[in-house]
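**Q** Got a predicted structure here, sequence first:
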Number of protein chains: 2
Amino acid sequence: MVTKNIYDYVERLTELFRVDLRQVGFEHGLQPVQLEALHYLSLCNRFSDTPMAVAEYLGQTKGTVSQTLKVLESKRLLSKHADVNDKRVIHLALTTNGKKLLAELIPAPMLTNACNGMTEKSRQQVETAFEQVLNAIIEGNGMKRFGVCKSCRYNSRDDDTYYCNLVEQPLSSDDVERICREHES
Amino acid sequence: MVTKNIYDYVERLTELFRVDLRQVGFEHGLQPVQLEALHYLSLCNRFSDTPMAVAEYLGQTKGTVSQTLKVLESKRLLSKHADVNDKRVIHLALTTNGKKLLAELIPAPMLTNACNGMTEKSRQQVETAFEQVLNAIIEGNGMKRFGVCKSCRYNSRDDDTYYCNLVEQPLSSDDVERICREHES
DNA sequence: TGAAAAATGTATCGAGTCGAAACAAATATT
DNA sequence: AATATTTGTTTCGACTCGATACATTTTTCA
């Protein structure tokens, strides 16, 4: 029964990661979920840097996320900016402090230590396996992908210029490496 | 930078699993950590079924775990039994209800759905990869293994009889499949 | 075009998590 | 025999999280 084995591994990995994340954040007065929100904001594109997108990504209600963001703002780790076109929408940006802190804390030592003890080939295998599992979870449960624009079906490319056919805007070569809440394969 | 990729995958997997576990438990009024404690108790051996062992496994303080167990006992999902030799120690056992509930909830549908969408070969690769990562994390950070007796260096075997040289007691063939807080490779 | 519906974000509340500290009881150490 | 250590519980306070209610803005559509 391989499924049960995989479940047990995922559960154990989750437990160890969670404990470590708590420890890592503790020294800077940050909760696990706050670190995860910051991390997401460092990866997402400019159409996905809103409270609602964070809520979707973290699987929490917008009310819960609103509180998390309020704390992060009060700690000067992120800033809020009104959207030009839609007055309901707020964009979130990491501050210099926020970026500095993330660079310091992520990836956490627990995983760095683990990877250092593995061969390059092992690391490659593990990376591939994780990609497969996450894909299978997303596909098998009809979840949002939050993939990078580069791999999205709305993305079209002409030489070195990229274009998103959903928001109908050009994308830079930096843009296409970022994750998007509207991503479709 | 493969380590960062692996970190990102582990973090995402953790987020998805956590949300799912909350959802799974919610319908039965159980918190994620309560399900994890129950699950541990269904896997551990008779030397590892104490509050302290649960605390070590979950990476929490004994005070926190004490509260978790109190809730589970009040829900009649586990029972407490005094140790015969050491009056400080309490052994925890799943009740029939507890076992029934676990069988119903674990493995959670999210992962079953994912595994169903994968080839047998893929599942095998994923299982191997998880085993490697968990081993690397445990080795690289000097953590306790919580492996099964079968693979422990204290375990000796004569034909079909097993013996633990640490607690100096014979083990059944069921015993050696269970995880132990004293496990050493 | 104007009213209803939907979307985004915030504030508040209550149940629950979690670690720290203090405590009681039993066992180990010396 | 006195002291230290281990196991487990209780209490406290800071924090998480979903539910609900609310304000504002945008979208829908009759």
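**A** Cool, the structure landed. Numbering: from 1, shown residues only, chains lettered A, B, ... in the order given.
**Q** so what's the residue sitting nearest the centre point of chain A closest to, chain neighbours aside?
**A** The centre of chain A sits closest to residue A:40, judged by Cα atoms, centre = their mean, with a distance of 3.4 Å. Among residues not flanking residue A:40 along the chain, residue A:57 sits closest, at 5.2 Å (Cβ to Cβ, 6 or more residues apart in numbering or on different chains). Glycine gets a C-beta too; all of them are placed from N, C-alpha and C.
**Q** in chain A, what spans have low per-residue confidence?
**A** For chain A, no stretch is flagged by pLDDT under 70.
**Q** give me that answer again for 80
**A** A:1 (pLDDT under 80).
**Q** quick one: the strands in it?
**A** A:78-82, A:90-94, A:155-158, A:161-164, A:169-171 (DSSP state E).
**Q** and the spatially closest residue to residue A:126 that is not a sequence neighbour, what does it touch?
**A** What sits nearest to residue A:126 in space, not counting adjacent residues and going by Cβ to Cβ, 6+ apart, is residue B:129, at 4.6 Å. Neighbouring residues of residue B:129 by Cβ atoms under 8 Å, 6 or more residues apart in numbering or on different chains: A:125, A:126, A:128, A:129, A:130.
**Q** Let me know the closest of those to residue A:30.
**A** residue A:130 (24.8 Å; Cβ to Cβ).
**Q** Which residue is the nearest non-sequential neighbour of residue A:165?
**A** Closest residue to residue A:165 apart from its sequence neighbours, by Cβ to Cβ, 6+ apart: residue A:154 at 4.7 Å.
**Q** What separation do you get for that neighbour and residue A:181?
**A** Distance from residue A:154 to residue A:181, counting by Cβ to Cβ, to the nearest Å: 12 Å.
**Q** One more: residue A:164?
**A** 13 Å.
**Q** returning to what we had before: of the contacts of residue B:129, closest to DNA strand C?
**A** Within those, proximity to DNA strand C (Cβ to the nearest atom of the strand) peaks at residue A:130, which comes in at 23.7 Å.
**Q** Compute the number of surrounding residues for that closest one.
**A** For residue A:130, the count of nearby residues is 22 (other Cβ atoms under 10 Å in any protein chain shown).
**Q** Show me what the nearest residue to residue A:146 once chain neighbours are set aside is bridged to.
**A** Nearest non-adjacent residue to residue A:146, counting by Cβ to Cβ, 6+ apart: residue A:179, 4.8 Å away. On the basis of DSSP bridges, residue A:179 is bridged to residue A:44, residue A:148.
**Q** residue contacts, residue A:179?
**A** A:43, A:44, A:45, A:48, A:146, A:147, A:148.
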